[in-house]
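Q: What follows is a predicted protein model with its sequence.
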Amino acid sequence: MSETILSVEALSLGYGRLRVLEGVTLTVAPGERVALLGHNGAGKSTLFKAILGFLPPVIGGIRVLGHAPGFDAARIAVNYLPETVAFPRALTGAEVLRYFSGLRRAPRTAVPELLARVGLAEAAGRPVGSYSKGMRQRLGLAQALIGAPRLLLLDEPTSGLDPISRRDFYEVIAEAAGRGASVLLSSHGLEEIEHRTDRVAILSRGRLVADGTLEGLARRAALPARIRVTAREGQADRLQAKVGGTRFNGCHVDLTCPPEETLPTVARLAGLSSLVSDVDLHRPGLADLYRHFSDLAPEEARP
Amino acid sequence: MIRRLLTIATQEFRLARRNLWVVLATVALALFAAALGFLGAGQGAALQADVLSLTAASLSTLSVYLIPLIALLMSYDAFSGEVERGTLALTLATPARRWELFAAKFAAQALAVGLAVTFGFTIAGAAIGAAYGASAPGLFAWVRLVGSGFALGAVFVAVGMTLSALSGRTATAAAYAIGFWLLLVVLYDLALLGGVIAAGDGLFTTRIFPWLVLANPADAFRLYNLAAFGSAPVSGVDGLAHTMPFPPEAALAALGLWLAALLALGAQLTRRIKP
Ligand SMILES: Nc1ncnc2c1ncn2[C@@H]1O[C@H](COP(=O)(O)OP(=O)(O)OP(=O)(O)O)[C@@H](O)[C@H]1O
Ligand SMILES: [Mg+2]
């Protein structure tokens, strides 16, 4: 990490007397894609607003490329897609993008290219009021790409998108990351970010309870793997007597074992081929990790 | 900075046009003006006054209600609407300053209202002039009416935008706008009239009353226009327009002061908006 694009240091803030974020520390390096997860009301959108400089920190601070939020250098470096935005219905998609290009001092000639990138070339001249929800969301993404920002803040960018649009969305994001832009995006779709982000940060009741690569988090959590063994006809009782575990549906035996014992266990099952017809290994996924870390949140943080 | 101001103002004006604001306001103003002119034309002959001047006089009284209403309807949503749609957060995430947003939106909306006044009254005035003939004083009265109508519209656009910045939510902003319209345009006059009737020729009527008229932008507009008519058949508060201890231009200065004060206050209030 030669340089950090975003650094959030022990940040605490809220709305009036309501404290929403407590001691959040997070850094994002160039070209890194970080997914911000958390339950409803965890403080994800609040963190984005703080990075944009709309909410002043009570404790701690934020630096965007070394500048405090709200200063021009930070504003130019960051672009944003809010979780809900309704562009004026009477304007066309191209007009919306030209407006924000004007405010960001980006060339207006790049607008058709941006629209084409998100698949809106056809609809460029139509009023936003005639767009579908997904088209509006894509217009929002195009807006967030104006001026080639160094840091993209995307608040639930894929909510309400069909699977294909969702994939396209992550392609555009990967492209931006490829040219060195950092991406911080929040999402409730756990599967979709699993292979499309480099790092995961989990907020729970305003505290950052996990931050790392998926492999790193999985190692730290040391969640047991689940193995479902299918017994041969009539051998379920003997199988269970040999390997333990719990019975399921008559012919299955479910085992849970810590990560380091997974391989030996599978090897042992392979040796029992007279009893075992099939083995299904289920490694802990993001959903399990998410549940694990969210439950670790300190109780006293509950509002 | 200049590019940002132009970008915001252009977009705002385009929206006013697309939403048919300018066209509807123009048509409404033209219809009212033409109706006053053609329906009141018979009276003109009896009063030995040319129709154009007479219509300008009655139109200045009607404009006091109409122009502020149009300006407030146009501007009350300027910030609260954008907060609710989420577009303000996007604009403020760019290097645009809050005061720039206020200034550019004001310029575009004041221009939109001003153009509606100009077009509406010019169309009606041309029709009346063509039908009944035009005189130099009559034309001059219309020029004054359009010019001061521009200023009145700008003041009330500034009122609406300041209220919008103050309230932050559309429903509240709408309530404030209607309340202010009633207060400044209707209730204020009634209260003044009551005061004059109660005080007779006392100190209130001669010393305090003129300044109170000047202090209200709507009354100042009317005062400026009516003071020009030596013989116009006006009564009530308007009838006192000729007895004012200052030249009519002072009324324009009052409008200017209002505008400056509102712009300063509104730009200040935009700092409190939470996008
Ligand atoms: N404008 C506001 N005024 C007061 N409190 C707010 C405001 N916005 C959010 N909150 C509170 O702050 C907390 C965090 O909200 P935030 O919007 O950051 O959650 P989130 O993680 O984005 O949730 P979601 O997944 O539902 O979008 C919530 O308890 C919410 O009630
Ligand atoms: Mg949110």
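A: In hand now; what should we look at? Ligands and ions are numbered 1, 2, ... in the order given.

Q: I figured B:Pro275 hits A:Leu55, correct?
A: No - with contacts counted by CB atoms under 8 Å, B:Pro275 stays clear of A:Leu55, the gap being 10.0 Å. Quick note: C-beta positions are derived from backbone N, CA and C, even for glycine.

Q: Nearest spatial neighbour of A:Gly70, chain-adjacent residues omitted?
A: A:Gly53 (3.2 Å; CB to CB, 6 or more residues apart in numbering or on different chains).

Q: where does the one you found sit relative to ligand 2, distance-wise?
A: Relative to ligand 2, A:Gly53 is positioned 18 Å away (CB to the ion, to the nearest Å).

Q: Can you read off the backbone torsions of that residue?
A: Main-chain dihedrals, A:Gly53, degrees, to the nearest 10: phi 90, psi 10.

Q: sorry, back to before: which residues do B:Pro275 and A:Leu55 both contact?
A: Counting by CB atoms under 8 Å, 6 or more residues apart in numbering or on different chains, the residues touching both B:Pro275 and A:Leu55 are A:Lys49.

Q: Flag the shaky bits of the stretch 1-150 of chain A, pLDDT-wise.
A: Scanning the stretch 1-150 of chain A with the threshold set as pLDDT under 70 gives A:1-2.

Q: OK, contacts around B:Ala173?
A: Shown in contact with B:Ala173 (CB under 8 Å, 6+ apart): B:Tyr76, B:Asp77, B:Phe79, B:Ser80, B:Leu163, B:Ser164, B:Leu166, B:Ser167.

Q: I'd like to know which of the residues you listed is nearest to ligand 2.
A: The closest of the contacts of B:Ala173 to ligand 2 turns out to be B:Ser80 (CB to the ion; 21.1 Å).

Q: Surely that closest one touches B:Gly168?
A: Yes - assessed by CB under 8 Å, B:Ser80 is found in contact with B:Gly168 at 5.7 Å.

Q: quick one: which of the two has more around it?
A: With neighbours defined as other CB atoms under 10 Å in any protein chain shown, B:Ser80 and B:Gly168 compare such that B:Ser80 has more, 24 against 17.

Q: which residues sit in contact with that one?
A: With contact taken as CB under 8 Å, 6+ apart, B:Ser80 is in contact with B:Ser164, B:Ser167, B:Gly168, B:Arg169, B:Thr170, B:Thr172, B:Ala173.

Q: how close does B:Leu15 get to B:Leu5?
A: Distance of B:Leu15 to B:Leu5, given as CB to CB, to the nearest Å: 16 Å.

Q: ignore the last one, B:Gln268
A: 18 Å.

Q: before we move on, what about A:Arg226?
A: 62 Å.

Q: Quick check: residues of the stretch 151-275 of chain B near chain A?
A: Residues of the stretch 151-275 of chain B lying close to chain A by CB under 8 Å from any CB of the partner chain are B:Lys274, B:Pro275.

Q: and A:Val276, what are its bridge partners?
A: Beta-bridge partners for A:Val276, by DSSP bridges, are A:Ala231.

Q: quick one, domains of chain A?
A: Using automatic domain parsing, the domains assigned to chain A come out as A:6-218, A:224-283.

Q: Looking at these, spot the one closest to B:Val113.
A: B:Val113 lies closest, by CB to CB, to one member of these: domain A:6-218, at 18.2 Å.

Q: Can the closest one be said to contact ligand 1?
A: Yes - judged by CB under 6 Å from any ligand atom, domain A:6-218 and ligand 1 are in contact via A:Tyr15, A:Leu18, A:Val20, A:Gly38, A:Asn40, A:Gly41, A:Ala42, A:Gly43, A:Lys44, A:Ser45, A:Thr46, A:Glu83.

Q: now what about stretch B:154-172, what contacts it?
A: B:67-68, B:71-81, B:83-84, B:102, B:105-106, B:109-110, B:113-114, B:173, B:176-177, B:180, B:184, B:217, B:255, B:258-259, B:262-263, B:265-266, B:269-270, B:272-274.

Q: Sitting in helices, which of these do you find?
A: B:67-68, B:71-75, B:80-81, B:83-84, B:102, B:105-106, B:109-110, B:113-114, B:173, B:176-177, B:180, B:217, B:255, B:258-259, B:262-263, B:265-266, B:269 (DSSP state H).

Q: Determine how far the last residue of stretch A:253-267 lies from the first.
A: 16 Å (CA to CA, to the nearest Å).

Q: Could you look up the SS state of B:Thr10?
A: What DSSP: H, G, I helix; E, B strand; the rest coil gives for B:Thr10 is helix.

Q: related to what we said a few turns ago, so how do I select the buried members of the contacts of stretch B:154-172 in PyMOL?
A: This is the PyMOL syntax for the buried subset of the contacts of stretch B:154-172, where burial follows 16 or more other CB atoms under 10 Å in any protein chain shown:
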select buried, chain B and resi 67+68+71+72+73+74+75+76+77+78+79+80+81+83+84+102+105+106+109+110+113+114+173+176+177+180+184+217+255+258+259+262+263+266+269+270+273
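
Q: How much space separates the closest residue to ligand 2 within the stretch 151-275 of chain B from A:Leu184?
A: In the stretch 151-275 of chain B, no residue comes nearer to ligand 2 than B:Pro275, which is 14.5 Å away by CB to the ion. For B:Pro275, the distance to A:Leu184 equals 19 Å [CB to CB].

Q: Check A:Asn79 too.
A: Distance, A:Asn79 to A:Leu184, using CB to CB: 11 Å.

Q: Could you double-check that B:Gly129 sits in contact with B:Leu52?
A: Yes - using CB under 8 Å, B:Gly129 and B:Leu52 qualify as a contacting pair, with a distance of 5.8 Å.

Q: Please enumerate the shared neighbours of those two.
A: In contact with both B:Gly129 and B:Leu52: B:Gly138, B:Leu139, using CB under 8 Å, 6+ apart.
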